[in-house]
Each structure stands twice: as C-alpha cells, then as structure tokens.
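> Sharing a model prediction with you, sequence too.
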Amino acid sequence: MLWYVQGILKECHAEFIVIEVAGFALQVWIPASFYFELPAPGEKVTVFTCFYIKDDEPVLYGFKERQERDFFRMLTAISGIGPRAALSLLGHLPLQQLSGAIMAEDTAMLTRIPGIGSKTARRLVYELKEKITSGQLEHVLPAAAEKETSAWLEVQQALLALGYSLPEVSRAGKALEKEQFTAVEELFKRALSILART
C-alpha cells in the first residue's frame, strides 16, 4: 500500500497538486481545504495517500494528515459515497467538526456541503456514528486535538453512563468548544451545568 508520497511540489491547484518524486510527476487529488496549507511550488511536501482504480485508471488522493486519509477511507467504504463526495466533505469541514456533526446526527450541517443530500447525510450518520463513538474518533482527529479530545471522550463516556443521549452530549460538547479547562473534572461539571439547562 502507498502510505505517503514525499517530493517536490511542482503545481498547486484547488482540486489537485503535482508532486515530483524520483523523476516522476504524480497528480494527486486533494480536499479544497488542503490547498490553503500547502507550501510554495518548488518546496518539499509530504502527502498521505490513498490509491484507487477508477474506470481502469489509477487515481491518487492526498491529505495533509494521516487521520484525514483514514477518515476518507471510512467515508468511501459507505455505499453511495464515492471519492468525490468524500473529498467534498473533508474539504468543507474540519475533521473534528465533521465527526461531531455525524455524532450529533446534525444532518442539516452535512447537507450544506455541496453534493451531500439528505439521504446521503442520513446514511453517513447511520454508517459512521457507532464507529466514531466506539473509539475510532481518537484515531481520526488531528494530532493537535488529541489531548483535548481524550479529556472530552472521558467526559462523554461518563455522561452517556448517566443516561444522557448522544445528541445531548454532542450539543454540550459543541457549546464547550471554545472554552479551556485545566482538569477533566472541571470539564465534566461544566458539561453537567449545560445539560441541566436543556
């Protein structure tokens, strides 16, 4: 399996990039959000990749983080979600926000993404919600959010054990996104106070 590609960025477009590797020029399709984080052409770039065969032609998809690449694979494993729709999802929403929308069954947010209708949004929730809540979320979130997410996962599990529903817990998590906490206990108490008002 082609795990990642590292080479010189030769061309940079909103939909794809061209990387030169050992004298070969590779066209790699990317989510739109990645375009704004790429280095200038001529500089070295590392892209985590996913290889597909489409209409008998090899196609390479690339992502800034391994976690995004892994989530892309989860998305394309769903019936009716092709690489184009998966790229659109990852290109319009940060991975943490996309995961949160699925966990909270927020189909309204998902359908705001071009190419994602209500039927597809419901399928995303149905297919992925349990996978994400069962612990896979820890492995698909960006590294910078891992510490904070680990604390929230502890709080989330405690709240679910108290009988709160997943949508209720997810709404509390969304309300706490911009707040900072020094301890898990503090985060837990703040979440409880929010849930008590709803």
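Received, thanks. Numbering: from 1, shown residues only.
> Residue ranges in this structure under the pLDDT threshold?
By pLDDT under 70, the weakly predicted segments of the chain are 1, 133-150, 198.
> can you do 50?
136-147 (pLDDT under 50).
> all strands for it, in order.
4-12, 16-21, 24-29, 44-54, 57-63 (DSSP state E).
> got those as TSV, with mean neighbour count and distance to Pro94 columns?
Just so you know, the C-beta spots here come from the backbone N, C-alpha and C atoms, and that holds for glycine as well. Below are the strands of the chain laid out as TSV (neighbours: other Cβ atoms under 10 Å; distance: least, Cβ to Cβ, whole Å):
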stretch	mean neighbour count	distance to Pro94
strand 4-12	15	21
strand 16-21	17	20
strand 24-29	15	19
strand 44-54	15	16
strand 57-63	17	13
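> Can I get those in a markdown table including distance to Val125?
Formatted as a markdown table, the strands of the chain follow (distance: least, Cβ to Cβ, whole Å):
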| stretch | distance to Val125 |
| --- | --- |
| strand 4-12 | 30 |
| strand 16-21 | 29 |
| strand 24-29 | 26 |
| strand 44-54 | 23 |
| strand 57-63 | 23 |
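> Which of those strands sits closest to Gly100?
Judged by Cβ to Cβ, the one of the strands of the chain that comes nearest to Gly100 is strand 57-63, at 18.9 Å.
> And the contacts of that closest one?
Strand 57-63 has contacts (Cβ atoms under 8 Å, 6 or more residues apart in numbering) with 2, 5, 17, 26-31, 34, 47-53, 69, 72, 83, 87, 90.
> do that again at 10 Å, thanks
For strand 57-63, the external contacting residues (Cβ atoms under 10 Å, 6 or more residues apart in numbering) are 2, 4-5, 16-17, 19, 26-31, 33-34, 45-53, 68-73, 76, 83, 86-87, 90, 95.
> What of stretch 165-175?
97, 99-106, 129-130, 133, 149, 152-153, 155-160, 162, 164, 187, 190-195, 197-198.
> roughly how far out does that stretch sit from the chain middle?
Counting by Cα atoms, centre = their mean, to the nearest Å, stretch 165-175 is centred 18 Å from the centre of its parent chain.
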